[in-house]
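Engineer: kindly return the folded structure for what I paste below:
(2 chains)
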Amino acid sequence: KQEVTQIPAALSVPEGENLVLNCSFTDSAIYNLQWFRQDPGKGLTSLLLIQSSQREQTSGRLNASLDKSSGRSTLYIAASQPGDSATYLCAVVSGNTGKLIFGQGTTLQVKP
Amino acid sequence: EPEVTQTPSHQVTQMGQEVILRCVPISNHLYFYWYRQILGQKVEFLVSFYNNEISEKSEIFDDQFSVERPDGSNFTLKIRSTKLEDSAMYFCASSLFVQGSGNTIYFGEGSWLTVV
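Structural biologist: Predicted coordinates for the structure are as follows:
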């Protein structure tokens, strides 16, 4: 059974710092991995999607990497800003129905 | 940018009542999903729907739950005889494919259900 774990559960950093969020999954047979952002009481916004054949994806200050064989992904946020404060969720698709299996998230606070 | 829309944003219901949560997925998408998030817990998969039938459902999705796509645009989740533990944020999502390019899953803003 696929399980997704995110470390750390919470992170507080000063503005401008570069940071890394970690995600691990137990079954390497995935179709893709997606990183989402969730603001309090809001929906999930897709940030980056990495196909199983890819190693990384970049969007602006965000870079996500995937090491399928070791069951790990990282989300790198460069030059963090207070507006980056949110919960970041990692999720994998490992079946052919598109079902996402989520980690518990990392809650990020960026202090001005 | 196209978006998934959900109604209502918040509903309070008495225990034992039936609730229908509505979703309008992105118009050209083919795969539809419901997820839920109990406060403070992980986002959990409930059901996936493709070609007018359920393609996968979780253990949570028992006889109390049903989904329907009554027309070409709406996708509904019905919860019969609601229980206190059904209180959660329910998210609708859609995607064009499940593999390869175009399989980014888009989520709605959620419907917060409170059962009292």
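Engineer: just the element for residue B:55, please.
Structural biologist: strand B:53-57 (DSSP states H and E).
Engineer: residues in contact with that strand?
Structural biologist: Strand B:53-57 is contacted from outside by A:95, A:97, A:99, B:31, B:46, B:47, B:48, B:49, B:67, using CB atoms under 8 Å, 6 or more residues apart in numbering or on different chains. For every residue, glycine as well, the C-beta is placed using N, CA and C.
Engineer: buried residues in it?
Structural biologist: If you call a residue buried by 16 or more other CB atoms under 10 Å in any protein chain shown, then strand B:53-57 has these buried ones: B:55, B:56, B:57.
Engineer: can you check stretch A:82-92 too?
Structural biologist: Buried residues in stretch A:82-92, counted by 16+ other CB under 10 Å: A:84, A:85, A:86, A:87, A:88, A:89, A:90, A:91, A:92.
Engineer: could you identify the most distant pair in the residues you listed?
Structural biologist: Using CB to CB, these span at most 24.7 Å, a distance reached by A:85 and A:92.
Engineer: worst-scoring helix or strand of the chain, pLDDT-wise?
Structural biologist: You didn't say which chain, so I picked chain A. When each helix and strand of chain A is scored by mean pLDDT, DSSP states H and E, strand A:44-51 comes last, with a mean of 92.
Engineer: my question was about chain B, not that one.
Structural biologist: Per mean pLDDT, DSSP H and E, bottom of the list for chain B is strand B:106-107, a mean of 92.
Engineer: now that one, how far from the centre of its chain.
Structural biologist: 11 Å (CA atoms, centre = their mean, to the nearest Å).
Engineer: who are the packing partners of whichever helix or strand comes after it?
Structural biologist: Next helix or strand after strand B:106-107 toward the C-terminus (DSSP H and E): strand B:111-115. Strand B:111-115 is packed against strand B:10-13, strand B:19-24, strand B:88-95, with contacts defined by 3 or more CB pairs under 8 Å, 6 or more residues apart in numbering or on different chains; DSSP states H and E.
Engineer: so what strands line up beside the least confident helix or strand of chain B?
Structural biologist: Each strand paired with strand B:106-107, and its direction, by DSSP bridges: strand B:88-95 (antiparallel).
Engineer: which residues does the strand it pairs with contact?
Structural biologist: Contacts of strand B:88-95 (CB under 8 Å, 6+ apart): A:41, A:43-44, A:98, A:100, B:4, B:6, B:21, B:23, B:25-26, B:29-39, B:43, B:46, B:75, B:77, B:102-108, B:110-113.
Engineer: list the buried residues of it.
Structural biologist: For strand B:88-95, a neighbour-count test (16+ other CB under 10 Å) marks B:88, B:89, B:90, B:91, B:92, B:93, B:94, B:95 as buried.
Engineer: run through the chain and note the low-pLDDT ranges.
Structural biologist: No chain specified, so I'll use chain A. Scanning chain A for pLDDT under 70 picks out no residues.
Engineer: correction: the question concerned chain B.
Structural biologist: Checking chain B against pLDDT under 70 turns up B:99-102.
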